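Asker: please work out how this folds:
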Amino acid sequence: MPAGGDKAKISGMEYTKVSGINKGHVRLYALSTCIWCKKTRELLEQLGVEYEYIYADLLSEEEQDELLDELEKYNPMTSFPTLVIDEKESVWGYKPQEVRKLLG
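Answerer: The predicted model follows:
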């Protein structure tokens, strides 16, 4: 777990929260084995942004189904990583310039 991280249950699933500068509600949907997901987390930490993340591949099958239903609202391809900001903006894949632009 990263420094400053803690667990939070949201809609039954456990997200890990990383403290930092509040830039709105920032949530990362990721896979624990995905290098692009890791790079996205590193970018967020580099920017000092408060965010929460969840590793879909570490969830139970039932939780994975629920997570994919939730993720589909923001990314119809349900690909990873997907970063969601204030439940309005989303970034699919590792796109550092786009993330920097959205999070200032």
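
Asker: buried set for the strand or helix carrying Glu14?
Answerer: Per DSSP states H and E, Glu14 falls inside strand 13-18. Across strand 13-18, burial judged by 16 or more other CB atoms under 10 Å covers 13, 15-18. C-beta coordinates here come from the backbone N, C-alpha and C atoms, glycine included.

Asker: before we move on, what about stretch 58-65?
Answerer: 59, 63.

Asker: same deal with stretch 80-91?
Answerer: Across stretch 80-91, burial judged by 16+ other CB under 10 Å covers 80-85, 89-91.

Asker: quick one: neighbours of the nearest residue to Lys17 once chain neighbours are set aside, just the number.
Answerer: Distances taken as CB to CB, 6 or more residues apart in numbering place Glu52 nearest to Lys17, at 4.6 Å, with adjacent residues excluded. As a burial measure, Glu52 scores 18 neighbours (other CB atoms under 10 Å).

Asker: 22 is where my numbering starts, stick with that
Answerer: With the count now opening at 22, the last piece we talked about shows up as Glu73.

Asker: the host helix or strand of Glu73 to strand 34-39, inter-axis angle?
Answerer: In this structure, Glu73 sits in strand 72-76 according to DSSP H and E. For strand 72-76 against strand 34-39, the angle by axes from the mean of the first three to the mean of the last three CA atoms, to 10 degrees is 140 degrees.

Asker: strand 72-76 packs against which elements?
Answerer: Judged by 3 or more CB pairs under 8 Å, 6 or more residues apart in numbering; DSSP states H and E, the packing partners of strand 72-76 are strand 34-39, strand 47-51, helix 56-68.
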